[in-house]
Structures are given as C-alpha cells and as structure tokens.
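K.L.:
I'll drop the sequence and a predicted model, then ask my questions.
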Amino acid sequence: MASHGNKYLAARAKVDREKLYGPMEALELLKEITYVNFDETVEVHLRTSLDPRQADQQIRDVVVLPNGLGKTVTVVVFAQGEAAEAAREAGADYVADSDEMVQKIQGGWTDFDVAIATPDMMGTVGRLGRVLGPRGLMPNPKAGTVVQQDNIADAIQEAKAGRIEFRLDKTANIHAPIGKISFTAEQLQENFVAFMLAVRQARPAGAPGNFIRRITLASSMSPGIKIDPYASSITL
C-alpha cells in the first residue's frame, strides 16, 4: 500500500470519514484542505446499485455545466467539404478532412479533448477505434458528438463551454469532473447540482429503487468527502 505524505494526512484529518456532508459544506471543506500548488480538478464519484451487465441498467449521457470546466477544451472535427468549412468557421481547433490527419491520429496523436464527426465520416472514424476508444474520444450520437452539418457549430460551442459526457463503468460507478478548485464554492455547487440532475434524469428503465448509493467529492490530490445522496439540493 502506498504511503501518503504529511500534507495529505493533515488534509485527511480534517475530514470526518463517518459523516455525510451537504454539498456546499463539502465543497468549502475541499477548498480548505487543498495543499498543492496547481489548480486541481474537482471530481464527483458515484457508486450505484446498477448492474452494468444488464442492457436496461446502462447510463450514458451528457450535461453542459453552467460554469464550464475551467480549462481550454480542444476540439477535432471529422468532416468533409462544406461541413469541414463549417467546423473551421465555428472554431474547431483541428479538422480531420484529409488522409494525412487521419493517419496522424491512427499513429497515436490525440492532443485534443473532444472529437466530433458527421455521420458520413463514421466509417473513417471507426478505423481509429483502437486509438480513440480507450481514451474516451470516440464520437457517439448519444453523447452529441455525431452531428449533421447544421448542428456542427452548436456541438463545438457546447464542447468548449463545458459539456461533459458521463457513463456507467464496468464496476457500476460514474465519474465526472465538475470544475477546478479555484472556482468559488458556489460555482462548483451549481456545476455539481447540474450534474446530479442530469444523472437522475438519465435514470435507466431497469434502475432499482434509489440507484445512487454513495456520492464522493474529491480534488485531484485530496482525500474523498462523502456527500449525503438525499440532500435537498441534489434530490431534484
């Protein structure tokens, strides 16, 4: 088992591990116990009662966080012709409309955060599955990243504004970033509530009872803080 440094242990000592905190109380504590000299990402981790093996218990959706993620989001768009021009005009950082760009990605280049594609390019994108898939970058209609030409500008703007995708993993957990530790507690709470609302609205048909069992907030280097899953501000 890895040992933790004194600063981590001091931070952990301030967290009551038996307590279920309210969201704002937890976020204020998270900001108080940060001890590193970089702008950590604040993350939400959900433990669910869902069975990832069951088709009617899957969750995969997107949410646009009201205060963004506090980072510059780099977008690549797979498109051709007029759609490629529309992507450039809308602010895409890269447009994969040539064999050269496709081969570059096939070779392992993934210096981007979001990949968007038009439907006619999905055959090409499919060949890049071994590169994009493991990194969570594969365009998907349900995630709003496979779009028609008329919707390219909106998709790019949403991605850059702080749209995140969340999904149930193989261990029945959901993980998502909700901002930076430099955000105010109010900004983080607004993002947190928007995320929780989106998760509850994405409740699958086969979800049993209260399917969210545990909520933990943490920053990149901090100990986790348990949240009351039935707090009034997140049971929307």
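P.N.:
Arrived safely.

K.L.:
which residues of this structure fall in strands?
P.N.:
41-48, 60-64, 75-78, 94-95, 114-117, 163-167, 173-180, 212-219, 225-227 (DSSP state E).

K.L.:
and the gap between the residue nearest to Leu69 when sequence neighbours are not counted and Asn191?
P.N.:
Spatial nearest neighbour of Leu69, excluding adjacent residues (CB to CB, 6 or more residues apart in numbering): Gly162 at 4.7 Å. (Glycine included, C-beta is placed from N, CA and C.) As judged by CB to CB, to the nearest Å, Gly162 and Asn191 stand 8 Å apart.

K.L.:
Minimum distance to Thr124: which of the strands of the chain has it?
P.N.:
Thr124 lies closest, by CB to CB, to one member of the strands of the chain: strand 75-78, at 6.4 Å.

K.L.:
Which secondary structure elements does the closest one sit against?
P.N.:
strand 94-95, strand 114-117, helix 152-161 (3 or more CB pairs under 8 Å, 6 or more residues apart in numbering; DSSP states H and E).

K.L.:
contacting residues for Leu29?
P.N.:
Residues in contact with Leu29 (CB atoms under 8 Å, 6 or more residues apart in numbering) are 14-15, 21, 225.

K.L.:
Just the buried residues of stretch 178-192, please?
P.N.:
For stretch 178-192, a neighbour-count test (16 or more other CB atoms under 10 Å) marks 178-181, 183, 185, 187-192 as buried.

K.L.:
Which two of those have the greatest separation?
P.N.:
Ile181 and Glu190 (15.3 Å).

K.L.:
could you dump the strands of the chain to CSV with distance to Leu128?
P.N.:
What follows is the strands of the chain, written out as CSV (distance: least, CB to CB, whole Å):
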stretch, distance to Leu128
strand 41-48, 26
strand 60-64, 20
strand 75-78, 9
strand 94-95, 13
strand 114-117, 9
strand 163-167, 18
strand 173-180, 24
strand 212-219, 32
strand 225-227, 37
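
K.L.:
Output stretch 139-157 as CSV, restricted to C-alpha atoms.
P.N.:
Written as CSV, here are the backbone C-alpha positions of stretch 139-157 (Å, rounded to 0.1, in the frame of the first residue of the first chain):
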residue,chain,number,x,y,z
PRO,A,139,-17.7,10.2,-31.4
ASN,A,140,-21.1,8.9,-30.4
PRO,A,141,-24.7,10.0,-31.3
LYS,A,142,-25.9,9.7,-27.7
ALA,A,143,-23.1,11.9,-26.5
GLY,A,144,-24.0,14.5,-29.0
THR,A,145,-20.7,14.1,-30.9
VAL,A,146,-22.1,12.7,-34.1
VAL,A,147,-23.9,15.5,-35.7
GLN,A,148,-25.3,16.8,-39.0
GLN,A,149,-23.6,19.7,-40.7
ASP,A,150,-26.3,22.2,-39.5
ASN,A,151,-25.5,21.2,-35.9
ILE,A,152,-21.7,21.3,-36.0
ALA,A,153,-21.4,24.9,-34.6
ASP,A,154,-23.6,24.1,-31.6
ALA,A,155,-21.7,20.9,-30.9
ILE,A,156,-18.4,22.7,-31.0
GLN,A,157,-19.6,25.6,-28.8
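
K.L.:
can you give me how far it is from the chain middle?
P.N.:
Distance of stretch 139-157 from the chain centroid (CA atoms, centre = their mean, to the nearest Å) equals 16 Å.
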